[in-house]
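Asks: how does the following fold in three dimensions:
(one chain, ligands or ions: 1)
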Amino acid sequence: MKFGIELVPNEPVFKIAAYTKAAEDQGFEYVWITDHYNNREVYSTISVLALATNKIKIGAGVTNPYTRSPVITATSIASVNEIAGGRTVLGIGPGDKMTFEALGLLGEKPLTAVRESAVVVRELLTGKKVSYDGEIVKLKNAKIDFADPKKTGVDMNIPIYIGAQGPKMLETAGAVGDGILINGSHPDDFKAAAVQIKKGAEGSGRNIKDIDVAAYTCFSVDEDAEKAYAAAKPVVAFIIAGAADVLLERHSISKELKTEIADAIGRGDFKGLNTIITDDAADRFAVVGDYDACLKKAKELEKAGVTQLVAGSPLGPNKEKSIKLIGKMIEEF
Ligand SMILES: C[C@H](OP(=O)(O)OC[C@@H](O)[C@@H](O)[C@@H](O)Cn1c2nc(=O)[nH]c(=O)c-2cc2ccc(O)cc21)C(=O)N[C@@H](CCC(=O)N[C@@H](CCC(=O)O)C(=O)O)C(=O)O
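Replies: Alright, predicted model coming up:
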């Protein structure tokens, strides 16, 4: 199993670059930068990461077809790919509905939009002329000149990962993704996801074994397990508050508890969340605890079919320390 790290560009880009370099030195193979309009812009950020590193793969994790057209996504990732000497990967998802409201975006037909985006981005990255008459994406002889590898000498066959959670999006991801980034931290989520991914892959004559199934986890490790849980619970609270019913049922989270958590978030009572969310509940939505506990959970995710574990926010009470602890863990895989 490979390891990646998710970094949210809500800190200065040079800080993100320092975390990324530390992760590269510890053996992480991927860095994924989230894409939300209210944080630093994803392609500006990954350009700096490309200059600050020399082997880690660098990804937009994940963009969407609504705040940026798929053509500009293709141009942007190809531009960074040239700087990075072919080390980029691209994540495309349907986008966070909550943030769309602020932007007056509807996010209509998400399955179609994500599928069509993945298809046209892949074609545009060949540097050839692309015409496409989709339901959402329409192109007429669009051509990204510099994407032609003969022009840059850089392989533009950039792996496309799909950010997916819902059953139909997982199926779509199985059909069109080189990889899938699934927000989840418990083996049960990946056993359930495998059914849809397999259906989508086989429907397109592909094999699930050819797909990198990445667990985009909430991750929190520290020598002091109590501190690790305290750091993870606010993130777990947002996950539970925004989770679909099917996820809550799978992890036996009652509607009452979901409401109690959402109310505590609304009041800004993050201290209270520490008791409202038990350690058992946190274990369902995070890889959390001391080194041995997190190693055990990482092994369970690998057994459930995960091929890349992306250590996501908060990483732990102290990011730098957590990156080192996970680096030690990477040697066990
Ligand atoms: C749209 C949604 O898909 P979903 O995959 O569950 O969406 C939840 C998240 O994956 C989505 O919000 C992501 O963009 C969130 N996300 C990020 N979102 C961001 O905005 N920025 C990020 O950086 C980001 C990172 C990220 C990483 C991993 C990951 O898994 C998700 C991430 C959904 O509701 N899907 C359902 C229903 C789909 C649907 O609407 N179907 C309709 C429409 C059909 C059509 O589209 O044509 C129908 O069937 O009629 C399903 O999959 O079954």
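
Asks: mind listing what's buried along stretch 41-50?
Replies: By neighbour count on 16 or more other C-beta atoms under 10 Å, the buried set for stretch 41-50 is V42, Y43, T45, I46, S47, V48, L49, A50. Just so you know, the C-beta spots here come from the backbone N, C-alpha and C atoms, and that holds for glycine as well.

Asks: equivalent analysis for stretch 140-159, please.
Replies: Within stretch 140-159, judged by 16+ other C-beta under 10 Å, the buried ones are A142, I144, A147, T152, V154, M156, I158.

Asks: contacts only, for whichever residue of the stretch 101-250 of the chain sits closest to the ligand.
Replies: Of all residues in the stretch 101-250 of the chain, G166 sits closest to the ligand, at 2.3 Å by C-beta to the nearest ligand atom. By C-beta atoms under 8 Å, 6 or more residues apart in numbering, the residues touching G166 are A244.

Asks: so what does it have for phi and psi?
Replies: phi -70, psi 160 (degrees, to the nearest 10).

Asks: so that it lines up with my notes, have the first residue be 14 from now on.
Replies: Got it, the first residue is 14 from now on, which makes the last one we talked about G179.

Asks: any idea how far V301 is from it?
Replies: 25 Å (C-beta to C-beta, to the nearest Å).

Asks: return the closest of the buried residues of stretch 54-63 with respect to the ligand.
Replies: V55 (7.7 Å).

Asks: pretty sure that closest one is touching P22, no?
Replies: Yes: between V55 and P22 there is a contact under C-beta atoms under 8 Å: 6.9 Å.

Asks: what is in contact with those two at once?
Replies: Counting by C-beta under 8 Å, 6+ apart, the residues touching both V55 and P22 are I46, T47.

Asks: taking the buried residues of stretch 153-172 together, which two end up most distant?
Replies: A155 and V167 (20.1 Å; C-beta to C-beta).

Asks: distance from the chain centre to the top strand by length along the chain, please.
Replies: Scanning the chain for the longest strand, with DSSP state E as the assignment, gives strand 225-234. Distance, stretch centre to chain centre, for strand 225-234: 8 Å (C-alpha atoms, centre = their mean, to the nearest Å).

Asks: what strands flank that strand, and is each parallel or antiparallel?
Replies: strand 192-196 (parallel), strand 300-302 (parallel), strand 321-328 (parallel) (DSSP bridges).

Asks: now the second one: average pLDDT?
Replies: The reference is to strand 300-302. The average of the pLDDT scores along strand 300-302 is 98.

Asks: can you name the next helix or strand after it?
Replies: helix 304-316 (DSSP states H and E).

Asks: which helices and strands does that following helix pack with?
Replies: helix 200-216, strand 225-234, strand 300-302, strand 321-328, helix 332-343 (3 or more C-beta pairs under 8 Å, 6 or more residues apart in numbering; DSSP states H and E).

Asks: try it again with 7 Å
Replies: helix 200-216, strand 225-234, strand 300-302, helix 332-343 (3 or more C-beta pairs under 7 Å, 6 or more residues apart in numbering; DSSP states H and E).

Asks: identify the residues contacting that helix?
Replies: M14, P200, F203, A228, V234, E236, A238, V300, L322, L338, M342, E345 (C-beta atoms under 7 Å, 6 or more residues apart in numbering).

Asks: biggest separation within these, which pair?
Replies: Once C-beta to C-beta is applied, the contacts of helix 304-316 give F203 and E236 as the farthest pair, at 27.6 Å.
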